[in-house]
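> Sequence first, predicted coordinates after that:
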Amino acid sequence: MAVIMNGKELGVKIREGIKIKSETLRKKGIIPCLAVVLVGEDPASLSYVNSKEKALHEASMESRDIRLPANTSEAELLTLITDLNKDDKIHGILVQLPLPKHINEENIISAIDPKKDVDCFHPVSVGNMVLGKKGFLPCTPHGVLMLLKEYNIPTAGAKVVVVGRSNIVGKPLANLLIRKEYNATVTICHTGTKDMVSHTLQADILIAAAGVPEFIKPEMVKDGAVVIDVGINRVNDTAAKKGYRLCGDVDPAAAEKASFFTPVPGGVGPMTIAMLLQNVVEAAG
Ligand code: GUN
């Protein structure tokens, strides 16, 4: 039987440490605060930002919750970011993605002061991360690395296959894994990859971040591989109370071939939030 990697439990442990740091900052008169900006009413995004805000409060931090209508203009959002950049009470700025189609995400992300870019999405933050310079680490990739460390899974010399090339997960995670400290050999698979199975079957550590429900099937997983599922997909399910259920990018049957795997929910998701909180407390300190 595979070991289930419990991100929920590890997330709680990490957040306890963050709370202590936050309380120490409060004693010095600094109240760590993250501005959380949501444009529109996408139910999944709303649920994510609510979870982030709840976690901030539980860790003795504050959030400035900003909810804007879907028809907010790019200019209005840029003005808001400029104001938040100047606001000394705000240590971090998070603009939940995706943004409505009429807003250019790149323009918005680039407007955030890199010192407050706790998501590590700004081109300067990404550049610093790739070059191994000081700065925030991206939350989901950092969360995956922390999970691997917690379960003593060696990355040095391991063959890691990342399925997905997003700016949020695939690209930064591959970059971090090739750092000397992790020393992994990394392959990134994407929609243009030919014969994907030939790649995934070689993976000692297979990371699914494709955003496609149950994309990784049992025949794509090497026996005994570590399988990390970054996907959180809502799929319609009339039998479920809410009319949908959450599922990952890995078919649960594939997890049975693994030596370790992350559940969805309760695997990578809570780690993303813990790493976000860590960046906020660092930004404030
Ligand atoms: N959308 C999906 N994941 C994320 C994230 O980690 N940060 C932000 N800002 N938006 C997201």
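On my side now, so go ahead. Numbers count the residues shown, from 1 in each chain.
> C-alpha only now, for contacts and for neighbours.
Noted.
> all helices of this structure, in order?
7-27, 43-58, 74-86, 105-111, 123-131, 139-150, 170-177, 196-200, 252-255, 268-284 (DSSP state H).
> quick one, the second one and helix 7-27 angle?
So the one you mean is helix 43-58. 50 degrees (axes from the mean of the first three to the mean of the last three Cα atoms, to 10 degrees).
> one step back: out of the helices of the chain, flag the one nearest I216.
helix 252-255 (6.9 Å; Cα to Cα).
> rewinding a little: out of the helices of the chain, which is the most enclosed?
helix 268-284 (a mean of 25; mean count of other Cα atoms under 10 Å).
> which outside residues touch that one?
Residues from elsewhere that reach helix 268-284 (Cα atoms under 8 Å, 6 or more residues apart in numbering): 7-8, 10-12, 14-15, 18, 21-22, 25, 30-34, 52, 55-56, 91-92, 115-116, 118-119, 136-137, 139-144, 146-147, 228-230, 232, 262.
> what does stretch 53-70 give?
15-16, 18-20, 22-23, 31-41, 100, 273, 277.
> now do 6 Å
19, 32-40 (Cα atoms under 6 Å, 6 or more residues apart in numbering).
> and which of the residues you listed is nearest to Y182?
Scanning these for proximity to Y182, where the rule is Cα to Cα, the winner is K19, at 27.9 Å.
> so who does that closest one touch?
Applying Cα under 6 Å, 6+ apart, the residues near K19 are 59-60.
> Give me every residue in the protein lying close to the ligand.
94-98, 119 (Cα under 6 Å from any ligand atom).
> Turn the buried ones among those residues into a named PyMOL selection, would you?
The command below creates a PyMOL selection of those among these that count as buried (16 or more other Cα atoms under 10 Å):
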select buried, resi 94+95+119
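> how about the residues of the chain next to the ligand, which pair is most distant?
Once Cα to Cα is applied, those give P98 and D119 as the farthest pair, at 13.4 Å.
> ok, back up a step: would you single out the least confident of the helices of the chain?
Of all the helices of the chain, the minimum mean pLDDT falls on helix 252-255 (a mean of 92).
> Give the other helices and strands that that one contacts.
For helix 252-255, not one helix or strand is in contact under the criterion 3 or more Cα pairs under 6 Å, 6 or more residues apart in numbering; DSSP states H and E.
> Out of the contacts of stretch 53-70, who's the most crowded?
L34 (30 neighbours; other Cα atoms under 10 Å).
> Go ahead and confirm it touches G92.
Yes - assessed by Cα atoms under 6 Å, L34 is found in contact with G92 at 4.6 Å.
> Make TSV out of the helices of the chain and add distance to Y244.
Below are those laid out as TSV (distance: least, Cα to Cα, whole Å):
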stretch	distance to Y244
helix 7-27	22
helix 43-58	11
helix 74-86	31
helix 105-111	28
helix 123-131	34
helix 139-150	24
helix 170-177	26
helix 196-200	29
helix 252-255	17
helix 268-284	18
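> out of the ones you listed, nearest to D237?
Of the helices of the chain, nearest to D237 by Cα to Cα is helix 43-58, at 15.4 Å.
> roughly how far out does the closest one sit from the chain middle?
Put simply, helix 43-58 sits 13 Å off its chain's centre (Cα atoms, centre = their mean, to the nearest Å).
> same thing with stretch 237-253?
Taking mean C-alpha positions (Cα atoms, centre = their mean), stretch 237-253 and its chain are 20 Å apart.
> picking that back up, could you dump the residues of the chain next to the ligand to a markdown table with distance to K180?
Shown next, in a markdown table, are these (distance: Cα to Cα, whole Å):
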| residue | distance to K180 |
| --- | --- |
| L94 | 30 |
| V95 | 31 |
| Q96 | 31 |
| L97 | 31 |
| P98 | 32 |
| D119 | 23 |
